[in-house]
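A.B. asks: Everything below, folded, please.
(chains A and B)
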Amino acid sequence: MKINDISIRGFRGFNEERPISFHPLLTLIYGPNSYGKTSITESLEWLLYGSTSKVDRGEFKDEYKGSYRNCHLDVDVTTFVKANFLLGTDQLQLESELVGEDGYTRRVDGNPAESWPIDAELAAISKPFIMQHALKYLLLVGPDLRFKGFAQLLGLDELGALQTDFVSICTKPEASIPAEVRTLCSQMGTFENALSARPGLSSLYSLYKDFRKGKESFASLTAALFKECSNLVPEGTSHESVLPNLLRIRDDSVKKVFPGSITLTPYTPEDTTSNSADLQYFIKVVSEDLVKQYCELIAFQTSETIIRHAQFYDLGVEFLATQPDQCPFCGQELSGSIIQHIGQKHQELKAESDHLTVLILQRQSVVDILSQLERRLQACQERHMSRLTAFLSIDDKLAQLGEILLPKHKAHFDSVKNAIPLLQRVKDKLDESYVAVTKALYAVQLSVQQSKEDTALISQLGEKLVDYASTASVSFSSISAQEPAMSDASQVLKHELNLLAGTEDISLLIDLSENQKKIQKAFEIESILAGLKDLRKTVDQYVGTKMLDAVSDEMTLDVMQWYNQIRTTGDPNVHFSGFDMDRTKKGEVKSRRVQIKASSYGKDLVSAVSSLSESKLNALGLCLSIAMNLKPGCPFDFLFIDDPIQSWDAEHAEQFIEIIRKLIEKDKQVVLLTHNKNWLDRLRTGCRSFNGFYYEIVSYNKSGPNIVQKPWCGWTQRLQEVDAILKDETADTVKLQQAEEEIRLAVTDLTSKIYSQKKGVHKDANKLNDSEVRKCLVECGLPTDLINRIYQTFETTDDAHHITDYTPDRERIKQYHSYVHELSNHL
Amino acid sequence: MTEPSRLELYLEELKTLTTDPIHKILLAAYTGDQPKESVERELNRLLIEVLQRED
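C.D. replies: Next up is the predicted model:
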């Protein structure tokens, strides 16, 4: 992909719209400092990427706010950058208009677009810009930033991100550890501490530590634990009875010191779920539907009379079936109207009776709902009340508890003491509310049973249920709030009681035995978490090795190739010697440590970056940028180079001209911007045969830079070059071809100048072809014979330019040379 | 069948470098728009699984 031209308006140093055309091979732009050179490069970078490196790298983004828009641009004028590219033979126009401070809208070939058709390529490769100091910053930044920068350059940024993520996950896994897992793991530590404090259990302690380190199996630990437990119960106690025996021994001893306990059982997750479901049920059960069903049962009272009537009429119908016209009781004849009356009444009562069946089902449904409500109320009440009752039993032993806990554990004692009246109030209220709701429920149940339904009863039940749900909710919150403090106090009490009763070892052995499964799980979890270090190491080594492969061979060779190009024979032998990865003492690759190696007269330097001179670092940064831009797969065939030789001496600057030539030979379209005019003149001479475009920014004001295109090279220089080639007996075909090309360019240059002199009209020499040259010279009144001969020069010079099997002819070139000299006499 | 992405290739290579099944699972979880969060969720799930396992 090459770039044809760019138009910039209102961007950075540009105010009024300025178009710049680029030569397919080489375009040089000269401008003193602050004349807007860098704005040209930045405008293209912004067009392609939506931002510039300068802004992206800026530490304080606020300072760059609004910096894309030129400050002198009229408020109603928009900032835009538009460029035409060549993709093979296809044209592609990209245009971006600035929106707000850093937004934009885009157009592709004049049509609005969300993204560029080349976005995928843009993301994958180095930017086609070598800015001032190029990638020198990458050499000077800290290891981590350097790694990121190199990963990006080499298209390995996903690998860098992968490594960063796994380091974070493996070294700080806290975010992934659920609270209950953390609690479990902390218990392991608690057991270990408790064991360390019991000299009588030292061998078990040692085994426990080895188990946690993975040196001992879980089976060894449980066997040793059982052995310790067996030692404390009477000989001959069966395996299953060891733990119950230990519990009995401990409880008996402890109860002698203090017969109570601080027990406020925490709600299990299942309790919490049931509680929440119950409260919702209580509030919703007295629904409109239930009230409707209940009220409809009132109809039952009348229905019972109907049932009796229906039975009577059923009997009548049955008699009528056997003796249809005679009364079954007295034998009297029945009139037709009476028979009809009985039949009709029977039908009506049959319909009523069917309705009654529905009511019976409805009644059963109401009875079932009320029974279920009763059961759930009982379960809910039991859930809270059992906890409150168990805890409040400590109340009458408070004085004795104080003797054990005070003064050492005053805070724990106070928390228990304060919790008692609070939870007592909760219990009383819950009791009261439960009595009220069960009473209301019983009244409703009784009314159904006795077919004395009453809407007042069902609404009262609704009110009581809402009240109970609220009270139960408060109980749940209060118990949950007090539970952690009571649990702590209970642990302290347990410890003190074990101390007083001399049951510390037994108690610890019981705890360990009861928590064996938890210990096993905690160990497994600890192993998983400890294993994350190995995972991190695996990822580190993998990423480090990948990066080493990427930087050490191909990249080093690529960069070295360009670096050697800049080296001069007079250079002190202190040089860049390649890229590597830093290593540990064991020789393992450090994943995020890209190393810049250098040597001084063959000896490796310890700190390469600090040992290389500033100019060598600049050169190395430049070579790194060039190497990256020449990597296979790069879609850009153009490269913008902005002030590359700052702080370089003349000899090294001269070497860089050869690099430009080599880049062009490698099919790169080069756009070079510099403030160094002398060097640019030498560059133009050195690259005369490319006949590129040369621009000078001659002035700068509020309207922006004044960019003027100047001739690449004068006709006198070109004829001198032809002369030199002809005198060189060793000049090969390539050189002779160049001589023919120089002749053609000298002709167009001279024609343009003669036309301008004689006609006062400027003709762009770069756009003149053979027939236009003839036409111009005819208009200027030059001799026909000379015009024909000049025209003749194009026949072979065009061949020299386009035909591969072209054969040069020294004599012919000499003739052409003399024709051009003759033409110059008319100037 | 689409070609595996570069990231998928890295992860496949990494999986061959570890024998720990947990590590293989965590590497396999590195997918989606938020791969780090995905691995963290997987680790969380594995730990809960151990905790809640019926023996």
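A.B. asks: How about the residues of chain B by chain A?
C.D. replies: Contact residues (C-beta under 8 Å from any C-beta of the partner chain) of chain B with chain A: B:6-7, B:10-11, B:13-14, B:17-18, B:20, B:22-23, B:26-27, B:30, B:35-36, B:39-41, B:43-44, B:46-48, B:50-51, B:53, B:55. Every C-beta, even on glycine, is put in place using the N, C-alpha and C of the backbone.
A.B. asks: Toward the C-terminus, what is the element adjacent to the helix or strand hosting residue A:493?
C.D. replies: Assigned by DSSP states H and E, residue A:493 belongs to helix A:455-501. Heading C-terminal from helix A:455-501, the first helix or strand you meet, by DSSP H and E, is helix A:504-514.
A.B. asks: Export that following helix to CSV, keeping only CA atoms.
C.D. replies: Extracted C-alpha coordinates of helix A:504-514, given in CSV (Å, rounded to 0.1, in the frame of the first residue of the first chain):
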residue,chain,number,x,y,z
GLU,A,504,-7.2,-28.9,76.6
ASP,A,505,-5.6,-31.9,74.9
ILE,A,506,-8.8,-33.9,74.8
SER,A,507,-10.7,-30.9,73.5
LEU,A,508,-8.2,-30.3,70.7
LEU,A,509,-8.2,-34.0,69.8
ILE,A,510,-12.0,-33.9,69.6
ASP,A,511,-11.9,-30.8,67.4
LEU,A,512,-9.4,-32.5,65.1
SER,A,513,-11.4,-35.7,65.0
GLU,A,514,-14.7,-34.0,64.3
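A.B. asks: Which parts of the stretch 701-827 of chain A are helices?
C.D. replies: For the stretch 701-827 of chain A, helices defined by DSSP state H, counting those that start in this stretch occupy the ranges A:715-727, A:733-759, A:770-779, A:784-802, A:810-824.
A.B. asks: brain fart, the stretch 501-650 of chain A
C.D. replies: Using DSSP H, counting those that start in this stretch, helices in the stretch 501-650 of chain A cover A:504-514, A:516-550, A:556-566, A:608-611, A:614-629, A:650-665.
A.B. asks: now the last one, how far from the centre of its chain.
C.D. replies: Pointing back at helix A:650-665 there. 43 Å (C-alpha atoms, centre = their mean, to the nearest Å).
A.B. asks: which helices and strands does it pack with?
C.D. replies: Counting by 3 or more C-beta pairs under 8 Å, 6 or more residues apart in numbering or on different chains; DSSP states H and E, the packing neighbours recorded for helix A:650-665 are helix A:556-566, helix A:614-629, strand A:669-674, helix A:677-686.
A.B. asks: low-scoring stretches of chain B, by residue?
C.D. replies: Along chain B, the parts satisfying pLDDT under 70 run over B:1-2, B:55.
A.B. asks: Helix, strand, or coil at the residue most central in space within it?
C.D. replies: In chain B, the centroid-proximal residue (C-alpha atoms, centre = their mean) is residue B:26; its distance is 2.4 Å. Using DSSP: H, G, I helix; E, B strand; the rest coil, the structure places residue B:26 in helix.
A.B. asks: OK, contacts around it?
C.D. replies: Going by C-beta atoms under 8 Å, 6 or more residues apart in numbering or on different chains, residue B:26 touches A:169, A:535, B:39, B:42, B:43.
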